[in-house]
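Enquirer: Return atomic coordinates for the entry below.
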Amino acid sequence: MAGKTPRWESKLWCYISYGDGMRCPMYTYCQDRQRGSWCDDDNRERLNQLADSKRFCPSSYDSIKRGMCNGIFRMVEMLAQRFLKEGGVCHPPVPNELVLLADKRLPIEVRLLPLKAYHGAIWRLKDGWIIQLREDDTPARSRFALFHEAFHILAHCSSSATPVFRRRGAAQGSFNELVADAFAAFTLMPREWVEEKWAAVHDLDQMVKLFDVPKPAMWIRLKRLGLV
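Expert: Numbering: from 1, shown residues only. Below you'll find the predicted structure:
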């Protein structure tokens, strides 16, 4: 995203660059966690399993608590809000084409491939980016992976954080991946939109259709916002 980088965004990339990609760089010092509040980092494997579950059972999500830490994730939410504003998107569903704004200088191409270990991946070429998506995923799951990868591109394009994200074997659920998932959720399901639409329809299946997202992702978002 072009223009002068806001202070909060520079701070976000600085925090992420400081860590090792596996744990939250603020884990040891987080006052929310020390007070016993929900910690996404402590629960990242659980969140990853639920997000990837092919069988939806509401009771499986009972352990998920309302809220999210006010540190890194709040800045990620602000980044998603700015991303939507720059793309002129003001209602669901978010168009897939918004991902093209992740890098204003280089083109971004999306390819469907028979991936096995991941739902998505990115490749930086000399003349552009390739986002690879798993070809047998549902369109809604692919959309979530698409904006997950968009965050990786944003991170790489940040002058203060390049290169932020590197693949570390097949370790899924690492903190870097958790942050990218959060960005996808914040972009596809902005807080105000979800609250407004939920008040109107109060039906999970309708919400999934309105936002064109996977059912587990929407249920997790509703849980985190304290709406269910």
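Enquirer: Count the neighbours of the residue lying closest to residue 33 once chain neighbours are set aside for me.
Expert: Sequence neighbours aside, residue 39 is the residue nearest to residue 33 in space, at 4.4 Å (criterion: C-beta to C-beta, 6 or more residues apart in numbering). Backbone N, C-alpha and C define where each C-beta goes, glycine included. Per other C-beta atoms under 10 Å, the neighbour tally for residue 39 reads 17.
Enquirer: Also residue 110?
Expert: Neighbours of residue 110 (other C-beta under 10 Å): 17.
Enquirer: next one: residue 119
Expert: 19.
Enquirer: separation between it and residue 52?
Expert: Relative to residue 52, residue 119 is positioned 8 Å away (criterion: C-beta to C-beta, to the nearest Å).
Enquirer: Show me the strands in the protein, by range?
Expert: Using DSSP state E, the strands found in the chain span residues 108-113, 120-125, 128-134.
Enquirer: how close does residue 182 get to residue 175?
Expert: Using C-beta to C-beta, residue 182 is found at 10 Å from residue 175.
Enquirer: my bad, residue 15
Expert: Taking C-beta to C-beta, one finds residue 15 at 11 Å from residue 175.
Enquirer: And the two? Which one has more around it.
Expert: residue 175 (20 against 17).
Enquirer: ok, the more buried one to residue 22 distance?
Expert: Here the criterion is C-beta to C-beta. By it, residue 175 lies 6 Å from residue 22.
Enquirer: again, but for residue 152
Expert: From residue 152 to residue 22 the distance is 16 Å (C-beta to C-beta).
Enquirer: more crowded one of these two?
Expert: residue 152 (25 against 14).
Enquirer: Skipping its backbone neighbours, what lies nearest residue 153 in space?
Expert: Spatially, and ignoring its direct neighbours in sequence, residue 153 is nearest to residue 102 (4.1 Å; C-beta to C-beta, 6+ apart).
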